[in-house]
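In: let me see the structure of the following:
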Amino acid sequence: MNMKTFGIAIFLVAILMLVAVLASLVPIDAWFVRTVDLVREPMAYAAAILLVIALFVKASVRWATVLSLGLVIVINVWRIWPYSALADTQLPLADAAPRADGQCFTALAANVKVKNTQYAMLADQLRRYDPDVLFLMETDAKWIEELEPVISRYSHVQRHPQPEAFGLVFATRLPVLKSNVIENTHRDTPTLYATLQPEGSQPVEFIGLHPKPPLPGWDTEERDENIVNAGVQTPDRLPDAFVMGDFNDVPWSSTTEKFRETGDWRDPRIGRGTYPTFPSDYKIVGWPLDQLMLTGDLDLVSFEVLPDNGSDHRAMLAHLCASS
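Out: Numbers count the residues shown, from 1 in each chain. This next block holds a predicted model:
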């Protein structure tokens, strides 16, 4: 391939990337458009590499290529910017020291990947971190059977296996006032709602969420409805709540922004970084599909993305404190 042909090839790639990015700003739910939201960060990296290469390729379309790639980078960075360490934080981290025993607790959410057979890796991780609240996604009957020695240690366990990718397990040692699995939008994409009673504190609602991803044949109308409904249709409408789970969506998408703004949710990633969770093998160029958000007077002491546990997602762990 000569330099002229190579330059034209880069130009065509740049145009395709620009068209995709511009289309992603339009409020439509086509799966191939919404997928762009998921890859904004790696796309910006790829565009930056191509832009540097284009500067040294002598072709008539050199500057058109540079301009197109520059716009791709600018638009993607603009969308991701709140989730950089240079932006202002939305949710300050609190101090757990002044709290009474029982007011603070840990919560862990993990997508196990239904076809994954690394049962022991996840079980070891759960034993190591020993969360007070546990939410597992993509759990079929086999996964529940393999993890039973771990989850049976909890005082409250809700098992909701499904043969495909939308089963769940909810387990906690906190007192549970109410716990329900609700089909917000579709029978095979359940949402978990639980009302917890930390000792010496106001009740707290927990939402465990795992809607469908944008894939061929799966446009995002149901996913978007599921995400937004989850935050505004809580059974008890309590002021203090937290949500965790695999949203199959990134926090800078218009859907998750609407979820956050409608329910006055606070995102600890804002002003700290993207904290990618998927794919687990490529954390540096991955994206944050698994979310953690709080509302009301609930405080966040710390949060982290955990090491690889054999799944294609990394688990998220949070240390929370309820208000008196």
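In: next, Leu317: phi, psi?
Out: Dihedral pair for Leu317: phi -120, psi 130, per degrees, to the nearest 10.
In: nearest spatial neighbour of it, chain-adjacent residues omitted?
Out: Spatially, and ignoring its direct neighbours in sequence, Leu317 is nearest to Leu108 (4.9 Å; C-beta to C-beta, 6 or more residues apart in numbering). Every C-beta, even on glycine, is put in place using the N, C-alpha and C of the backbone.
In: for the one you found, what is the enclosing helix or strand?
Out: Element membership of Leu108 [criterion: DSSP states H and E] is strand 104-111.
In: which elements pack onto the helix or strand following that strand?
Out: Going down the chain from strand 104-111, the next helix or strand is helix 119-129, by DSSP H and E. Here helix 119-129 touches strand 104-111, helix 141-151, going by 3 or more C-beta pairs under 8 Å, 6 or more residues apart in numbering; DSSP states H and E.
In: what lines up beside the following helix or strand past helix 119-129 in the sheet?
Out: Next in sequence after helix 119-129, counting helices and strands by DSSP H and E, comes strand 133-137. Paired strands of strand 133-137, with direction, are strand 104-111 (parallel), strand 168-172 (antiparallel) (DSSP bridges).
In: what does the shortest one rub up against?
Out: So the one you mean is strand 168-172. For strand 168-172, contacts defined as C-beta atoms under 8 Å, 6 or more residues apart in numbering pick out 132-137, 139, 143-144, 147, 151, 154-160, 179, 181, 190, 192, 194, 196, 208, 210.
In: with the first one instead?
Out: Contact with strand 104-111 is made by 96, 122, 125-126, 129-138, 174, 198, 206, 208, 210, 242, 244-246, 290, 292, 301, 306, 309, 311-313, 315-322, as judged by C-beta under 8 Å, 6+ apart.
In: ok, Asp312 - contacts?
Out: By C-beta under 8 Å, 6+ apart, the contact list for Asp312 reads Asn111, Lys113, Asn116, Phe278, Pro279, Ser280, Asp281.
In: out of those, grab the one that's most surrounded.
Out: The residue in the contacts of Asp312 with the most neighbours, by other C-beta atoms under 10 Å, is Asn111 (29 neighbours).
In: quick one: low-confidence parts of this structure?
Out: For the chain, the stretches with pLDDT under 70 are 1, 96-97, 99-100, 184-188, 214-226, 228-235, 283.
In: which ones are touching the most centrally placed residue in it?
Out: Nearest residue to the geometric centre of the chain (C-alpha atoms, centre = their mean): Asp290, 2.1 Å. Counting by C-beta under 8 Å, 6+ apart, Asp290 touches 109, 111, 244-247, 277-278, 305, 313-316.
In: beta partners of the residue nearest to Leu317?
Out: Leu134, Leu317.
In: next one: phi and psi at the nearest residue to the residue nearest to the centre of the chain once chain neighbours are set aside?
Out: Spatial nearest neighbour of Asp290, chain neighbours left out: Thr277 (4.1 Å); criterion: C-beta to C-beta, 6+ apart. Reported as degrees, to the nearest 10, the phi and psi values for Thr277 are phi -120, psi -10.
In: any idea which helix or strand carries Ser280?
Out: In the assignment (DSSP H and E), Ser280 maps to no helix and no strand.
In: which stretch of helix or strand covers Ala44?
Out: Using DSSP H and E, Ala44 falls within helix 40-55.
In: go on, Leu294?
Out: Here Leu294 sits within strand 290-295, counting by DSSP H and E.
In: who's in contact with the nearest residue to Val36 once chain neighbours are set aside?
Out: Of all residues not flanking Val36 in the chain, Ser24 sits nearest, at 3.8 Å (C-beta to C-beta, 6+ apart). Neighbouring residues of Ser24 by C-beta under 8 Å, 6+ apart: Val33, Arg34, Val36, Asp37.
In: circling back: a markdown table for the helices and strands packed on helix 119-129, including distance to Phe6?
Out: Output for those, formatted as a markdown table (distance: least, C-beta to C-beta, whole Å):
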| stretch | distance to Phe6 |
| --- | --- |
| strand 104-111 | 40 |
| helix 141-151 | 48 |
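In: deepest of the ones you listed, which one?
Out: Comparing these by mean neighbour count (mean count of other C-beta atoms under 10 Å), strand 104-111 ranks first with a mean of 23.
In: now do that strand and strand 290-295, the angle between them.
Out: Calculated by axes from the mean of the first three to the mean of the last three C-alpha atoms, to 10 degrees, strand 104-111 forms an angle of 150 degrees with strand 290-295.
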